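> pasted the sequence and its predicted model underneath.
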Amino acid sequence: MRRDMARVPLRSLIRVFAWTGLIALGGGRSAYFYDAVVVRRAWVTTGEFVQDLTLSQLLPGPNFANLAVALGCRLGGWRGGVWALLAVLVPGALALLGLTVLYFRGAFAPGTTRLMHGMAAAVVGLVLVTTAQLVTASLRGRAAVAVAAGTFMLVGPLGVSTPVAVCLALPVSLWFNRPPRGR
């Protein structure tokens, strides 16, 4: 396939990304993208999704917006990247604007807090399911498991900041994944 040819019609990309932007909740947003573009439509492979997710997490800015641009560019070229970002951000921004107006008018009932806690639990479940699916695609071999475990230990129990942990884990990961000699 030529690099300038879109893999997915722009109209379909906008529709799917706008819906994802509207219904995606909190930290589980990548789970919605995974479901939309890998599971339901097979527009990208799990490996391609992992590459784009990794890139989106390494770049500055919101991971969800970065992932939308990366997937949009992969699926629809530069136009796909631009429209994917707009499609993901605009519905959520409009919903937030509407909810903000309701909030400041006092339209939220006291039970809303319990509803939010329930939704947070659902998001955690989505993140766990997606993480389990991505682990099988990402952690192939003992070296990958060792790098993941080391990074977890650095950021989790040892409390090292994420950028420092990435800077420490990156050379180790690159060394483990270096090309074989003679190539």
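Nice, I can see it.

> in the helix or strand of the chain with the lowest mean pLDDT, which residues are buried?
Within the chain, no helix or strand scores below helix 112-138, which has a mean of 77 by mean pLDDT, DSSP states H and E. Neighbour-count burial for helix 112-138 flags 123, 126-127, 130, 133-134, 138 (criterion: 16 or more other C-beta atoms under 10 Å). All C-beta spots, glycine's among them, are computed from the backbone N, C-alpha and C.

> element containing the residue nearest the centre of the chain?
Nearest residue to the geometric centre of the chain (C-alpha atoms, centre = their mean): Ser30, 3.3 Å. Using DSSP states H and E, Ser30 maps to helix 29-34.

> mind listing residues that contact stretch 30-46?
Contact partners of stretch 30-46, identified using C-beta atoms under 8 Å, 6 or more residues apart in numbering, comprise 7-8, 16-17, 19-20, 23-25, 49, 52-53, 63-64, 67-68, 71, 74-75, 126-127, 129-130, 133-134, 137.

> I'd say Gly81 and Cys73 touch.
Yes. Using C-beta atoms under 8 Å, Gly81 is in contact with Cys73, at 3.8 Å.

> put the alpha carbons of the helix or strand hosting Phe49 into CSV.
Using DSSP H and E, Phe49 sits within helix 46-58. Written as CSV, here are the backbone C-alpha positions of helix 46-58 (Å, rounded to 0.1, in the frame of the first residue of the first chain):
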residue,chain,number,x,y,z
THR,A,46,-2.6,-5.3,18.2
GLY,A,47,1.1,-4.8,17.5
GLU,A,48,0.3,-1.6,15.6
PHE,A,49,-1.9,-0.4,18.4
VAL,A,50,0.8,-1.1,21.0
GLN,A,51,3.3,0.9,18.9
ASP,A,52,0.9,3.9,18.7
LEU,A,53,0.0,3.6,22.3
THR,A,54,3.6,3.6,23.3
LEU,A,55,4.4,6.6,21.2
SER,A,56,1.4,8.5,22.6
GLN,A,57,2.5,7.8,26.1
LEU,A,58,6.1,9.0,25.5
